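>>> can't give you the sequence, but here's the structure:
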DNA sequence: CATAGACACGGTACTCAGTATCATGGGCCA
DNA sequence: TGGCCCATGATACTGAGTACCGTGTCTATG
């Protein structure tokens, strides 16, 4: 029938039928028939009907895992930035597919839940690595959780904006901007001496007199 | 059979059977039979098999919505803190049920995904309100997304810790600690003059001389 | 060349979640 | 008493997902 591998034909049949007739109205039999194979074969390639729209989450997850695994605490921020860029690039490279899927996922609750569950797996991955990098520093668990959540949220915000705009621009800039926001909040991940040439001074009681503030600062700055 | 309302009997039958025989091994028929009603009646009270374990998410979500709706941008942080406290308290008040459900959700993928989807609804709620409060300030969408994600992540981290420990302590302290972390990062949500009695001073170039630093500070502190 | 095994696919039959629809029976009001 | 409402039960159906078996093809090895 076609020279395309079956797996690809099934995915294409699925998304086309979902688009044309709706998700609930499309049966696995329909998909298999359109791809020219049997129902059995469909389930041999995809575990479930939903799977046919998310064919590449597993491999992408594996790539992220590999990228993070290749890093250490010292290069945490670079690794995280890279990883998020990989994910976003994956969507951007296949803009056509991403946009069709986005429209679908937006209006089918079952698919939306599935998407959210996938995102949670990415977040879990980030959390585990950041947690390991933070070791047993104070609040390591909490900070890892917040870091992972923020990174994923930043990515999602940029991606959603790009999808809503129909994929009409390069989201690299917005992503870097968003990640900058996140990273600024979590500078303490890296060693202080590596955190650029800026140093935060202090906070003081609002009721303190200017003289008292000056004295305290002068004392810490040395001669 | 029992004086308990049917809805409650069904939920109890469900969680008991899931505990004893496993989730997949328990059919809706089993649950209905144990509650002494028919299969039809089960689906009249719960939309799905999973629903029987998450009976109160909708009402809790409505309470959070109400709490946030009752606030404005001025009192954002208090509202958010309150809302998160409400959610955590809901779990703590029913520690027995929460713990059983936690053990179940942890090992049944379908339930875990469902739980994650529920959490996403809370996050969406926070995002919408914070976004509205931020109005059209720069990066409002991004900051709302990050704020919501962080708040939810902080809550989940505290809740998970409490659940893992078997619900053996009062998690209010840890929650406040975690929220403090989050709020510190998002101080700019509130007006500066309302942000407590602490004031952040500044950052300076590491190469600046102590004298230059002092001069700059003195200039901002006034006479 | 023949045979055996691996493998991919098709076919069949089953379980069970979820939906739709109708029947029933008990309380309640006129 | 009669009629109505409403909660429950009963039945039948669709479709996802699983298990299992049969069959054809391709390949390696005698």
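Perfect, thanks for sending it. Nothing here was measured: the structure is a model prediction, and the numbers come from that model.

>>> alpha carbons only for contacts and neighbour counts from here, please
OK.

>>> isn't residue A:10 up against residue A:33?
No - Residue A:10 sits out of contact with residue A:33 when judged by CA atoms under 8 Å, with a separation of 9.3 Å.

>>> settle it for me: which of these two has more neighbours?
More crowded of residue A:10 and residue A:33, by other CA atoms under 10 Å in any protein chain shown: residue A:10, with 26 against 15.

>>> nearest residue to that one in space, please, no chain neighbours.
residue A:35 (5.4 Å; CA to CA, 6 or more residues apart in numbering or on different chains).

>>> check contacts around the one you found.
Residue A:35 sits next to A:6, A:9, A:10, A:13 when contact means CA atoms under 8 Å, 6 or more residues apart in numbering or on different chains.

>>> which helix or strand contains the residue nearest to the spatial centre of chain A?
Among the residues of chain A, the one closest to the centroid is residue A:152, at 4.3 Å (CA atoms, centre = their mean). Using DSSP states H and E, residue A:152 falls within helix A:140-164.

>>> tell me the gap between that helix and the middle of its chain.
Centroid separation between helix A:140-164 and its chain, computed with CA atoms, centre = their mean, to the nearest Å, is 6 Å.

>>> give me the helices and strands touching it, please.
Judged by 3 or more CA pairs under 8 Å, 6 or more residues apart in numbering or on different chains; DSSP states H and E, helix A:140-164 is in contact with helix A:76-93, helix A:95-107, helix A:109-134, helix A:172-185, helix B:140-164.

>>> so which residues make contact with that helix?
A:84, A:88, A:98-99, A:102, A:119, A:122-124, A:126-128, A:130-131, A:134, A:168-169, A:171, A:174-175, A:178-179, A:182, A:186, B:141-142, B:145-146, B:149-150, B:153-154, B:157, B:178.

>>> of the residues you listed, keep whichever come out buried.
With burial judged by 16 or more other CA atoms under 10 Å in any protein chain shown, the buried subset of the contacts of helix A:140-164 is A:84, A:88, A:98-99, A:102, A:119, A:122-124, A:126-128, A:130-131, A:134, A:171, A:174-175, A:178-179, A:182, A:186, B:141-142, B:145-146, B:149-150, B:153-154, B:157, B:178.

>>> what does chain A put close to DNA strand D?
A:24, A:25, A:26, A:27, A:28, A:29, A:40, A:43, A:47, A:48, A:49, A:50 (CA under 7 Å from any atom of the strand).

>>> what about residue A:143, distance to residue B:150?
For residue A:143, the distance to residue B:150 equals 10 Å [CA to CA, to the nearest Å].

>>> circling back to that earlier point, among the residues of chain A next to DNA strand D, which ones are buried?
Neighbour-count burial (16+ other CA under 10 Å) applied to these gives A:26, A:28, A:49.

>>> my guess is the first one meets residue A:18, correct?
Translated: residue A:26. Yes - contact criterion CA under 8 Å: residue A:26 and residue A:18 qualify, at 6.4 Å.

>>> pull out the buried positions in the strand or helix carrying residue A:66.
For residue A:66, the host element (DSSP H and E) is helix A:57-69. Under the neighbour-count criterion of 16+ other CA under 10 Å, helix A:57-69 has A:57, A:61, A:64, A:65, A:68 buried.

>>> tell me which other helices or strands it touches.
Packed next to helix A:57-69, using 3+ CA pairs under 8 Å, 6+ apart, are helix A:76-93, helix A:109-134.

>>> is any residue of the shortest one near chain B?
In other words, helix A:76-93. No - Helix A:76-93 stays clear of chain B (CA under 8 Å from any CA of the partner chain), getting no nearer than 15.2 Å.

>>> tell me, how many residues neighbour residue A:54?
16.

>>> ok, and what's touching the helix holding residue A:66?
Helix A:57-69 has contacts (CA under 8 Å, 6+ apart) with A:79, A:80, A:82, A:83, A:86, A:87, A:118, A:122, A:125, A:129.

>>> and those residues, which of them are buried?
By neighbour count, with 16+ other CA under 10 Å, these hold A:79, A:80, A:83, A:86, A:87, A:118, A:122, A:125, A:129 as buried.

>>> most widely separated two among those?
By the measure CA to CA, A:79 and A:118 form the most distant pair in the buried ones among the contacts of helix A:57-69, at 20.5 Å.

>>> show the pLDDT at residue A:139.
Listed pLDDT for residue A:139 reads 86.

>>> return the distance of it relative to DNA strand C.
Relative to DNA strand C, residue A:139 is positioned 39 Å away (CA to the nearest atom of the strand, to the nearest Å).

>>> buried stuff in stretch A:100-114?
Buried positions in stretch A:100-114, judged by neighbour count with 16+ other CA under 10 Å: A:100, A:101, A:102, A:104, A:105, A:111, A:112, A:113, A:114.

>>> can you narrow these down to the ones near chain B?
Restricting those to those near chain B - CA under 8 Å from any CA - leaves A:113, A:114.

>>> show me the two of the buried residues of stretch A:100-114 that sit farthest apart.
A:100 and A:113 (17.1 Å).

>>> can you list the residues of chain A near DNA strand C?
A:6, A:36, A:37, A:38, A:39, A:40, A:41, A:44.

>>> the fourth one contacts residue A:31, correct?
No - distance between residue A:38 and residue A:31: 9.2 Å, which falls outside the contact criterion (CA under 8 Å).

>>> more crowded one of these two?
A side-by-side neighbour count of residue A:38 and residue A:31, using other CA under 10 Å, places residue A:31 first with 26 against 16.

>>> against residue A:48, how distant is the more buried one?
12 Å.

>>> go on, residue A:172?
According to CA to CA, residue A:172 stands 33 Å off from residue A:48.

>>> also residue A:138?
As judged by CA to CA, residue A:138 and residue A:48 stand 43 Å apart.

>>> check residue A:68 too.
For residue A:68, the distance to residue A:48 - CA to CA - is 29 Å.

>>> over to residue A:127?
According to CA to CA, residue A:127 stands 28 Å off from residue A:48.

>>> go on, residue A:176?
In terms of CA to CA, residue A:176 sits 36 Å off from residue A:48.

>>> and the gap between residue A:117 and residue B:119?
Computed as CA to CA, the residue A:117 to residue B:119 distance reads 10 Å.

>>> and what of residue A:121?
Residue A:121 sits 14 Å away from residue B:119, going by CA to CA.

>>> before we move on, the earlier item: ChimeraX command for the buried members of the residues of chain A next to DNA strand C?
To isolate the buried members of the residues of chain A next to DNA strand C in ChimeraX, using 16+ other CA under 10 Å:
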select /A:6,36,38
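
>>> can you put the residues of chain A next to DNA strand C in a markdown table and add pLDDT, secondary structure and distance to residue A:163?
Formatted as a markdown table, these follow (pLDDT from 0 to 100; DSSP: H, G, I helix; E, B strand; the rest coil; distance: CA to CA, whole Å):
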| residue | pLDDT | secondary structure | distance to residue A:163 |
| --- | --- | --- | --- |
| A:6 | 91 | helix | 28 |
| A:36 | 95 | coil | 32 |
| A:37 | 96 | coil | 33 |
| A:38 | 96 | coil | 34 |
| A:39 | 97 | helix | 33 |
| A:40 | 96 | helix | 34 |
| A:41 | 97 | helix | 32 |
| A:44 | 96 | helix | 31 |
